[in-house]
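Novice: Okay, here's the prediction I keep looking at, along with the sequence it came from:
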Amino acid sequence: MRKRITRSVVLIVLGALLLSGLGSTILIYRANRQINERDLATQASGVAQLGETQGQTFIRNARRVLNLEGASIFAIANDKSLSELGPETVTPNASLPSPLDPSDLNIALLSSGNIEKGAKNGTVYAIAPIGNQSAANTTGATTTTQALSPARQLLRQKRQAAINNKLPNTRLVVVVLTRKVNAGLGAATTYILLSAAVAFLIAAAVAEGLARRITRPISDAEKVTRNIAAGNFSTRVEMEKDRDPELVSLGNSINHMAESLELSRESERNFFMSVSHDLRTPLTSIQGYAEAIFDEATDPKQAALIIGRESGRLSRLVLDLLDLGRLETHQFSLHMTEVRVQDALSKAIETLQPTAVQYQLSIQSELVNPLLMIHVDPDRLQQILINVGENSLKYASSTVQVRVTAEPTKIYVSFTDDGEGIPDSDLPRIFERLYTSRSSHRAVGTGVGLAIVAQMTHAMHGSVKAENVKPHGARLTIELPATSPEI
């Protein structure tokens, strides 16, 4: 991954350098071409004026001095054929300097005395008429637009006469100047290339550092996840203060996962220890009384009663564990029907009463409306009420208060004990599947009842919550949807 990031950043920088260099070259080239066109047009005008009197020799000297690609005088005939005028000779059917051709000539523009300029295939050109071409004709009669000395006027007239004698059909005489155009970088090219190379190296170094900064935390996170997968839940991703927020979030997520798994393992260990204790206690009683019956050391009827009771506890624990497994995998069914709250609660209290009497506890109930109805599974509701009631009896000091309140759409059944309450750190977790909270010396319930309560109430579109009450004690509240508006 680090190599891919480094390669990507370097390629992006390289592409940016190429684009900026190409763009700069194009802009400089266009600006240089425009400057050369203007300069060449000015030079063409001056060369045309001087060449008119001084001839092709001056034109050749100007070509060398002005760094021109081509500089020549051409006579344009009425049939648009070209003849190059040399110092002593005339070359008929001549060609314009490369890359120009006759189609590039704007005869109308030149005949009006204007200068034609432009660029073609990397070459700028300027074509200027010699003399007052607007007055030129096939007989060679011309007039001048500038005041010349008598000697120059005579020289010009002789030259014009010579042209007319040699090329009687001349329509126009022009001077053609051409110059190659480059990007105008010159010696700056070396510095540009050197700067690009330095920028490229800096980009490569920055990309490598950035790649290391990104990939190192990911590599550390990978090692931690491998340790977690191997069962080492205590390992954590070390977080540096200057790391990017996204990487910090990733590390925090992995650490949170490890903490949750570590806590789940601890809860699972505690759960199995609790279940093992709940299994061992009745088994010990059954084994002890069975040996006592064998040795005829106890009353067989009393022993049988205790063995039956402890066997019932074992059966209840096994059934609760099976229910818990079914609830976790959603492999259970509900048979929903209308149930009167008073009937369900009375039946549950009747079931809980023997346990309360055994531990010298009292159950007090309060029902705001005996006509309240709820839409639930009756058997599951009884299981919920008994499990919550057993939990309250397990931790109560003397009394468990059961109270039913209602709203237009909800019914609340609360069990409040007067025990020591639930530690604040345990409140959010007492309904978890493998969690065991407060300890008690009373063998009431199976230790997994609240997890079953949470699953069943949720399946019947309800909820359950736990809270501490003042001055001491805990309250477990079951919320279920109401089907009767009478409150």
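Specialist: Sure thing, it's come through. Numbering: from 1, shown residues only.
Novice: Now V175: closest residue in space, sequence neighbours ignored.
Specialist: A48 (4.7 Å; CB to CB, 6 or more residues apart in numbering). The C-beta positions use only the backbone N, C-alpha and C, and glycine is treated the same way.
Novice: now the strand or helix carrying that neighbour, how far from the chain's geometric center?
Specialist: Assigned by DSSP states H and E, A48 falls within helix 2-54. Here helix 2-54 is found 40 Å from its chain centre; the criterion is CA atoms, centre = their mean, to the nearest Å.
Novice: show me where the protein has helices.
Specialist: 2-54, 56-65, 107-111, 150-166, 188-229, 245-294, 300-328, 341-358, 378-395, 449-459 (DSSP state H).
Novice: how about these in TSV, adding mean neighbour count, mean pLDDT and distance to Q364?
Specialist: As requested, these are exported to TSV (neighbours: other CB atoms under 10 Å; pLDDT from 0 to 100; distance: least, CB to CB, whole Å):
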stretch	mean neighbour count	mean pLDDT	distance to Q364
helix 2-54	16	74	70
helix 56-65	15	54	122
helix 107-111	15	87	116
helix 150-166	14	54	135
helix 188-229	14	78	49
helix 245-294	14	78	28
helix 300-328	15	76	25
helix 341-358	16	90	10
helix 378-395	22	89	11
helix 449-459	21	83	21
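Novice: would you turn these into CSV with distance to V175?
Specialist: Formatted as CSV, the helices of the chain follow (distance: least, CB to CB, whole Å):
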stretch, distance to V175
helix 2-54, 5
helix 56-65, 7
helix 107-111, 11
helix 150-166, 13
helix 188-229, 33
helix 245-294, 70
helix 300-328, 100
helix 341-358, 115
helix 378-395, 110
helix 449-459, 100
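Novice: Next one: the closest residue to N252 other than its chain neighbours relative to D295, how far apart?
Specialist: Computed as CB to CB, 6+ apart, the closest residue to N252 that is not its neighbour in sequence is M239, at 7.2 Å. Note on M239: its distance to D295, by CB to CB, to the nearest Å, is 66 Å.
Novice: What of S397?
Specialist: S397 is 39 Å from D295, by CB to CB.
Novice: ok, now E366?
Specialist: Here E366 is placed at a distance of 51 Å from D295 (CB to CB).
Novice: Next: Q360.
Specialist: 33 Å.
Novice: give the contact list for P92.
Specialist: Each residue near P92 by CB atoms under 8 Å, 6 or more residues apart in numbering is listed here: 81, 83.
Novice: Give the bridge partners for it, please.
Specialist: S83 (DSSP bridges).
Novice: Verify the stated contact: D104 with G118.
Specialist: Yes: under the criterion of CB atoms under 8 Å, D104 makes contact with G118 at 7.4 Å.
Novice: what touches both of these two?
Specialist: In contact with both D104 and G118: Y125, using CB under 8 Å, 6+ apart.
Novice: can you tell me how far I26 sits from R33?
Specialist: Applying CB to CB to I26 and R33 gives a distance of 11 Å.
Novice: got it, and K80?
Specialist: From K80 to R33 the distance is 28 Å (CB to CB).
Novice: and if you look at Y289?
Specialist: Distance of Y289 to R33, given as CB to CB: 113 Å.
Novice: Work out the gap between stretch 218-238 and the centre of the chain.
Specialist: Stretch 218-238 sits 24 Å away from the centroid of its parent chain (CA atoms, centre = their mean).
Novice: C-alpha coordinates for it, CSV please?
Specialist: Extracted in CSV, the C-alpha atoms of stretch 218-238 (Å, rounded to 0.1, in the frame of the first residue of the first chain):
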residue,chain,number,x,y,z
ILE,A,218,-2.8,0.7,9.5
SER,A,219,-0.1,-1.9,9.8
ASP,A,220,-0.2,-1.5,13.6
ALA,A,221,-4.0,-1.9,13.5
GLU,A,222,-3.6,-5.1,11.4
LYS,A,223,-1.2,-6.6,14.0
VAL,A,224,-3.6,-5.8,16.8
THR,A,225,-6.6,-7.4,14.9
ARG,A,226,-4.5,-10.5,14.4
ASN,A,227,-3.8,-10.7,18.1
ILE,A,228,-7.5,-10.2,18.8
ALA,A,229,-8.3,-13.0,16.3
ALA,A,230,-5.8,-15.2,18.2
GLY,A,231,-7.7,-14.6,21.4
ASN,A,232,-5.5,-11.9,23.0
PHE,A,233,-8.2,-9.3,23.8
SER,A,234,-6.0,-7.2,26.0
THR,A,235,-3.9,-5.9,23.1
ARG,A,236,-4.6,-2.3,22.0
VAL,A,237,-3.7,0.1,19.2
GLU,A,238,-1.3,2.8,20.4
